[in-house]
Every structure is written in C-alpha cells, then in structure tokens.
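K.L.:
Fold the following for me, if possible:
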Amino acid sequence: MPVSTVASELLDVKGLKVHFPVASGILRRTTGHVRAVDGVSFSIGRGETLGLVGESGSGKTTTGRALLRLVDITSGTVTMEGVDVTAARSRELRQIRPRMQMIFQDPNSCLNPRLCVADIIAEPLDENGQLTRHERTRAVGQLMDAVGLLRGWADRFPHEFSGGQCQRIGIARALALKPRLIVCDEPIASLDFSVQAQIVNLLKDLQEEHSLAYLFISHDLGMIRHMADDVAVMYLGRIVEHAPVDTLFDAPMHPYTQALMSAAPSMPGTPRRRRVVLKGESPSASESLAGCVFRSRCPMATALCGHTAPSLETVATDHRVACHLHPPAREPHAS
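P.N.:
Sure thing, here's the model as predicted:
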C-alpha cells in the first residue's frame, strides 16, 4: 500500500532491483550483471521492525544500502514518508537522508580513528545543522547519555573503546539527526555474546522512546524473533517468504525458510525441528535463471519449478510465500 495513502506506513519499497555490471576483456566491456537485489517489495510502519534474514550473499545488506541510496538502484521505488527517494535529486536527497540512518556491522571500521568521540557523534550535526559550540556540546552529551556512554569519554578516540562501546558510539551518531528509520546491518554480529544483549536491549529502548522504525538485518534467527514484528526471508536477491514473526517461526511454509529454521538452535523446553539439509550450492547471482531460483536445492521441486518462477503471493492472513507448493488464498466472494 503506498505510503502517501496510509498514515501508519513510513517506508514503502516496490520492485527494488540492484544489478551490478560484470566487466571482462581488455576493454572491460559489460558482459553480464550480478542481480544482488532482484525485485524486492515490502513496507515498514512507524515504530515497527522488519527483520531481514537469509544466508550470506542473499542480498540483505545491498537492500539496506539501497534504501539510503548508498548504492545505485537499477529500478523500482523507495518511498519514505510520501517522498520518492529513488527519484530525488541531490538537494532533495539531502533533506530526506536525516530521516534515514544506518548502523553498520563492524563498529570499528565505520568510526574515523582520527576523530574523538564528540566529533564522531557530532558529524551529522555539523553537516546538517547550524549549532553554536554550546548547543553542539549539549547535543553530544545528550546523545552519549541516551546510549549509555559517559560524557567524560567525549575526548577519547575509538581505539580506546571495546567493540560494544564503539557500537554505542555508532548508534549515537545514527540518532543525532532524530531519524524515523534506522537500517541495522548485522549490528551485533561482531560483538561478544554478553554485549549483544546489551546492544539489542538498547535498540529496543530507543525504539520505544523515539518511535523508531528498524530494518533489522541479521543471520541470528533468535535475535530476529526477539526484535522483529515482521520477517522477510531473502534468497538470491528475492524475498521468498514474508510474515509476522510468530507466524513465520511457528509455521514456516517455504522450503528454504524451513531449512533455515531447522538449522537454528532450539530453545530449552521447545521441541526440536526436523533437520532439513539442503544439497548443492546456491546458484550465482550473475546467472539468468528460468523458473524458481531455489529449485536446484529444493527437496520438493517439481517440473513446474523448472520453467515458471513463483511470485510472492498471499497464502494466508498476512503471510506471503513465493512457492508453487502454496497457491494463493482465494478472496472471499461478496455476499
């Protein structure tokens, strides 16, 4: 549903494609394309979290970067609060970007080692605002308070902090311009297990306090279940299943989702899932594939899967699946 017509929708993505050219030969001519994201559609409401899962190379990070125009978009639309981000020119994009921020996977690589904490956090403020020195210092102090950093650390440099503390610095910087949406790209993957819980709880608290919306990208299904309201499962650049978090975890329908769920550790006191082992390797994203992209690894593939690509269809209430095994639900006839 378009954002412009539904007040609760913050972000609306339609048919998003990101294809990277492949060059070869002495003249470096384009001979093909890597279809990193190949027709993705979803929406995120205000204050909601969409979890994005899938194995490495499925297109999760590229999708997140495309929303912020950090990579070139091949086709499709990204609409943020009624504004088409994909069509925005430089001046318009400069006005939109403060509403959309990103927390990166590696907290150390995204912080400038030559800047102190105060200057790192204040970078967005310096770029987008006209603050006096006193206002800048006060704003940085408030952001440090919000993420649990001591104000006395403002003059220290990134190498003096642990991974979890560096991630808090990155979160403070992302919050500086009071965004509506934050793309969290594996924000806890490089952290110790004990620190992961602290960062996740911090993100939950900040979401509740500021009505933030998250696109939460992760391979940790347990963390996705804790964080997300809805979950989208990606495979080879496409969403193959999309449902509310409890629905997806309790009754996954797509064979790929079932395999992911079966590989996840079981919680104490819950029945173990039957392990689904996928055979073969994932096809290359540069190949032009007919039919279902998952068919070469699917234990239930049929002849239909070889020549007809399934579309993402609603098969139950709020549950969409791209699989020929699950036909679309019939709409009730008007009485």
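K.L.:
Please count neighbours and contacts with C-alpha atoms only from this point.
P.N.:
Will do.
K.L.:
Torsion angles phi and psi at Q196?
P.N.:
Main-chain torsions, Q196, degrees, to the nearest 10: phi -60, psi -50.
K.L.:
And for it, nearest residue in space, chain neighbours not counted?
P.N.:
Distance criterion CA to CA, 6 or more residues apart in numbering; nearest residue to Q196, sequence neighbours excluded, is I188 at 5.4 Å.
K.L.:
hey, where'd the strands end up in the chain?
P.N.:
9-24, 29-45, 49-53, 75-80, 83-84, 100-103, 181-185, 213-217, 230-235, 238-244, 313-316, 319-321 (DSSP state E).
K.L.:
Quick check: which of those strands is nearest to P328?
P.N.:
strand 313-316 (4.6 Å; CA to CA).
K.L.:
Same question for the closest one: list its buried residues.
P.N.:
313-315 (16 or more other CA atoms under 10 Å).
K.L.:
Check whether the residue nearest to Q196 really touches I199, as I assumed.
P.N.:
Yes - counting by CA atoms under 8 Å, I188 touches I199, with 7.2 Å between them.
K.L.:
With neighbour numbers in mind, choose between the two.
P.N.:
I188 (26 against 20; other CA atoms under 10 Å).
K.L.:
residue contacts, that one?
P.N.:
105, 196, 199-200 (CA atoms under 8 Å, 6 or more residues apart in numbering).
K.L.:
now do A213
P.N.:
Contacts of A213 (CA under 8 Å, 6+ apart): 10, 44-49, 180-182, 207.
K.L.:
ok, 6 Å please
P.N.:
46-49, 181 (CA atoms under 6 Å, 6 or more residues apart in numbering).
K.L.:
any idea which of those residues is closest to C323?
P.N.:
T49 (24.7 Å).
K.L.:
show me what contacts the closest one?
P.N.:
By CA under 6 Å, 6+ apart, the neighbours of T49 are 213-215, 228-229.
K.L.:
Which of those residues has the largest number of neighbours?
P.N.:
Neighbour max across the contacts of T49 (other CA under 10 Å) = Y214, 28 neighbours.
K.L.:
where exactly do the helices run in the stretch 201-335 of the chain?
P.N.:
221-227, 245-250, 255-263, 303-307 (DSSP state H, counting those that start in this stretch).
K.L.:
winner for burial among these?
P.N.:
helix 255-263 (a mean of 20; mean count of other CA atoms under 10 Å).
K.L.:
Now do it and strand 238-244, the angle between them.
P.N.:
60 degrees (axes from the mean of the first three to the mean of the last three CA atoms, to 10 degrees).
K.L.:
Packing partners of helix 255-263?
P.N.:
Using 3 or more CA pairs under 6 Å, 6 or more residues apart in numbering; DSSP states H and E, no helix or strand is in contact with helix 255-263.
K.L.:
Any chance you could list what contacts stretch 300-307?
P.N.:
With CA under 6 Å, 6+ apart, stretch 300-307 has contacts from 290-292, 295.
K.L.:
Determine how far that stretch lies from the middle of the whole chain.
P.N.:
Stretch 300-307 sits 30 Å away from the centroid of its parent chain (CA atoms, centre = their mean, to the nearest Å).
K.L.:
CA atoms of that stretch as PDB?
P.N.:
Output of stretch 300-307 as PDB, limited to C-alpha atoms (Å, rounded to 0.1, in the frame of the first residue of the first chain):
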ATOM      1  CA  MET A 300      10.300 -30.700  -3.100                       C
ATOM      2  CA  ALA A 301      10.900 -29.200  -6.600                       C
ATOM      3  CA  THR A 302       8.600 -30.200  -9.400                       C
ATOM      4  CA  ALA A 303       8.700 -29.800 -13.200                       C
ATOM      5  CA  LEU A 304       6.700 -26.600 -12.800                       C
ATOM      6  CA  CYS A 305       9.500 -25.100 -10.800                       C
ATOM      7  CA  GLY A 306      11.900 -25.500 -13.700                       C
ATOM      8  CA  HIS A 307      10.200 -23.200 -16.100                       C
END
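K.L.:
Just among the contacts of A213, which is most surrounded?
P.N.:
L181 (29 neighbours).
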